[in-house]
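Peer 1: Output the structure for:
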Amino acid sequence: MNKPYRVTLSIRADQNLTDIKYYLESEVSEELAATALAYITSRIRDLETFSFRFPVIDPKHNLRRMPINKFTCNVFYKIEGRTIKIYHVRHQAQNPVFHV
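Peer 2: Alright, predicted model coming up:
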């Protein structure tokens, strides 16, 4: 059996998760913020096993998008060898244009 892929977060993706946490804590509740972050990070960890589950949305950069509809966000990532590099975690209403 193949070894699972290794997931890494870019500095921007890590900041995105922090921003989501702070927003939910201030606008809703600390409990929902903790629940949301646990769920989102769990889904990100699923990419270790299901790396190719989501289609390439930007062939030029080989960028993929994993929607997390429960918390209306998208995870943008690339597969680089045996590593899954997470570039952004953004609300689905945010402008999807960004630089990799």
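Peer 1: low-scoring pLDDT stretches of this structure, where are they?
Peer 2: Residue ranges of the chain with pLDDT under 70: 1-3, 93-100.
Peer 1: Could I get the full set of strands for it?
Peer 2: With strands called from DSSP state E, the chain shows them at 6-9, 56-58, 63-68, 73-80, 83-91.
Peer 1: for the second one, which positions count as buried?
Peer 2: What that stands for is strand 56-58. By neighbour count on 16 or more other Cβ atoms under 10 Å, the buried set for strand 56-58 is empty. To be clear about C-beta, it is placed using only N, CA and C from the backbone, and glycine gets the same treatment.
Peer 1: What strands line up against it, and which way round?
Peer 2: strand 63-68 (antiparallel) (DSSP bridges).
Peer 1: Name the residues that touch the partner strand?
Peer 2: By Cβ atoms under 8 Å, 6 or more residues apart in numbering, the list of residues contacting strand 63-68 from outside reads 39-40, 43-44, 47, 53-57, 73-79, 87, 92, 100.
Peer 1: and the spatially closest residue to Arg90 that is not a sequence neighbour, how many neighbours?
Peer 2: Taking Cβ to Cβ, 6 or more residues apart in numbering, and ignoring the residues beside it in sequence, Arg90 has Asn74 as its nearest neighbour in space, at 5.6 Å. For Asn74, the neighbour count with other Cβ atoms under 10 Å is 19.
Peer 1: Looks like Asn74 contacts Ile86 (just checking).
Peer 2: No. Between Asn74 and Ile86 there is no contact under Cβ atoms under 8 Å: 11.0 Å.
Peer 1: in this structure, which residue is closest to the centre?
Peer 2: Val75 (2.9 Å; Cα atoms, centre = their mean).
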